[in-house]
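Asks: Make a model of this:
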Amino acid sequence: MRKSSILILALLLIASIFVSGCADNEDEITELNIGYQPSTHQIAYMTAYEKGWWQEDLAPYGITKINEYQFPTGAPEMQAMMAGNLDVAYVGAAPAITALSQGLDAKIVAPVQINGSSIVLRPEHEYESPEDLKGLSIATFPPGTIQNTLIRDWLKDNGLNPETDVKILGMAPGDAVTAISAKQVDAVFLPHPSPSVIEAEGNGRTIVQSGEMSPNHACCVLLISGKLIRDHPDVVEQIVKTHIKATEYNLENQGEAAQIYSNKTTENVEVIKKSLEEWDGTWITDPELIKDSTVEYANIQYELNYTQKPLTEEEIFDTSFYEKAVSEE
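Replies: Numbers count the residues shown, from 1 in each chain. Presented below is the predicted three-dimensional model:
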């Protein structure tokens with residue numbers, strides 16, 4: 001073989017190794033972008049962050065930094081994820097479904113909690129049945145969220161037209177709390193701790209809890225990008241394990257969980273403790289507990305014209321990471 005041919009082969013071999021090396025490097029990740037909302041529903045994320053579990057547990061997989069992003073509701077959080085800016089999201093099941101129906105490449109890998117929202121009515125209004133809400137204004141999260149989906153479906157089930165019989169206003173939780181406090185709306189339907197905050201300030205009383213509207217309904221979930229699932233399944237499994245660890249810790253240490261939430265948000269810790277005593281929610285990690293109600297959200301959102309088609313369980317969930325995580329315990 002000529003020297004020139006040998007040189008060409010050597011150069012091709014070096015080039016192939018270089019290209020392969022670049023591909024491997026591109027596949028490596030050192031940072032994770034996680035989105036969440038300031039709600040007691042999502043304390044598992046906060047506990048894992050404050051205790052350093054995200055950093056410690058993911059370090060063996062090359063993760064050196066956790067970038068957290070806070071969102072007021074699920075809608076902007078899902079916009080960020082669709083733009084490729086989030087790898088992981090603690091978010092409501094309903095906005096996740098809306099995003100998935102619009103082409104978001106992601107899957108729900110575990111639940112975060114069930115129930116946990118309340119309708120709070122201003123003190124001057126009487127309430128005996130849903131009919132008493134007719135003609136009133138209700139602030140809740142924007143269309144496509146858990147709260148917006150639930151209240152519209154509940155009103156319909158009770159003979160009220162959510163488009164004409166009541167005035168539903170989409171707001172972030174802080175804006176909704178301000179609105180009911182300033183008597184700009186008659187009621188709110190919000191996740192905890194907002195209902196307890198409003199009650200503590202004397203600006204309303206809880207009349208219906210979300211578990212009464214839809215018993216044991218799915219609320220927040222752990223949503224992970226398809227790219228992370230495909231390229232780094234070991235990282236995803238550890239994320240689920242850390243989520244389970246934080247959830248179990250909070251269930252056993254509710255007072256500390258309230259303090260962690262207070263540290264993160266500056267909310268009064270005594271109000272948070274009261275919220276956790278009064279809400280009808282609970283933190284969970286088993287996907288089997290929310291599959292049916294999550295698929296039902298997909299059907300309801302389709303009926304409300306929020307989505308173009310109802311999604312199937314397979315299009316929404318990937319429970320394999322949870323199953324593997326608990327099998328290794």
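
Asks: Identify the spatial nearest neighbour of the one residue sitting closest to the centre of the chain, chain neighbours not counted.
Replies: Nearest residue to the geometric centre of the chain (CA atoms, centre = their mean): residue 91, 1.3 Å. Excluding the flanking residues, the one nearest residue 91 by CB to CB, 6 or more residues apart in numbering is residue 74, at 4.7 Å. Where C-beta positions appear, they are placed from N, C-alpha and C, glycine not excepted.

Asks: tell me the pLDDT at the closest residue in space to residue 72 that isn't next to it in sequence?
Replies: Using CB to CB, 6+ apart and skipping the chain neighbours, the partner closest in space to residue 72 is residue 172 (3.6 Å). Looking at residue 172, its pLDDT is 93.

Asks: Can you report how many residues lie near residue 172?
Replies: Other residues lying near residue 172 total 18 when counted by other CB atoms under 10 Å.

Asks: My read is that it contacts residue 70, right?
Replies: No: with contacts counted by CB atoms under 8 Å, residue 172 stays clear of residue 70, the gap being 11.3 Å.

Asks: Surely the residue nearest to the centre of the chain touches residue 79?
Replies: No: checked against CB under 8 Å, the pair residue 91 and residue 79 is beyond contact range at 11.2 Å.

Asks: elements contacting the host helix or strand of residue 96?
Replies: If you go by DSSP states H and E, residue 96 is part of helix 93-101. When contacts are defined as 3 or more CB pairs under 8 Å, 6 or more residues apart in numbering; DSSP states H and E, helix 93-101 sits against helix 74-82, strand 106-111, helix 146-157, strand 220-225, helix 291-303, helix 313-316.

Asks: and it, average pLDDT?
Replies: Here helix 93-101 scores 95 as its mean pLDDT.

Asks: Please apply the same query to stretch 123-132.
Replies: On average, stretch 123-132 scores 97.

Asks: Now for the residue nearest to the centre of the chain: which residues touch it?
Replies: Residues in contact with residue 91 (CB atoms under 8 Å, 6 or more residues apart in numbering) are 35, 36, 37, 74, 77, 78, 220, 221, 223.

Asks: which element is it on?
Replies: strand 88-92.

Asks: any chance of the contacts of residue 91 in CSV, plus pLDDT and distance to residue 274?
Replies: As requested, the contacts of residue 91 are exported to CSV (pLDDT from 0 to 100; distance: CB to CB, whole Å):
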residue, pLDDT, distance to residue 274
35, 98, 27
36, 98, 22
37, 96, 20
74, 93, 25
77, 97, 27
78, 97, 31
220, 97, 20
221, 98, 26
223, 98, 30
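
Asks: Can you tell me which of those is nearest residue 286?
Replies: residue 221 (12.0 Å; CB to CB).

Asks: contacting residues around that closest one?
Replies: Contacts of residue 221 by CB under 8 Å, 6+ apart are 90, 91, 92, 93, 96, 108, 110, 111, 112, 290, 294.

Asks: again with residue 234
Replies: By CB under 8 Å, 6+ apart, the neighbours of residue 234 are residue 61.

Asks: and if you look at residue 161?
Replies: Counting by CB under 8 Å, 6+ apart, residue 161 has contacts residue 155.

Asks: Assumed it was part of a helix.
Replies: No: judged by DSSP: H, G, I helix; E, B strand; the rest coil, residue 161 forms no part of a helix; its state is coil.

Asks: Next one: it relative to residue 117, how far apart?
Replies: Residue 161 sits 21 Å away from residue 117, going by CB to CB, to the nearest Å.

Asks: what do you get for residue 158?
Replies: Distance, residue 158 to residue 117, by CB to CB: 17 Å.

Asks: Comparing those two, which shows the higher neighbour count?
Replies: residue 117 (31 against 13).

Asks: Specify the beta-bridge partners of the more buried one.
Replies: residue 191 (DSSP bridges).
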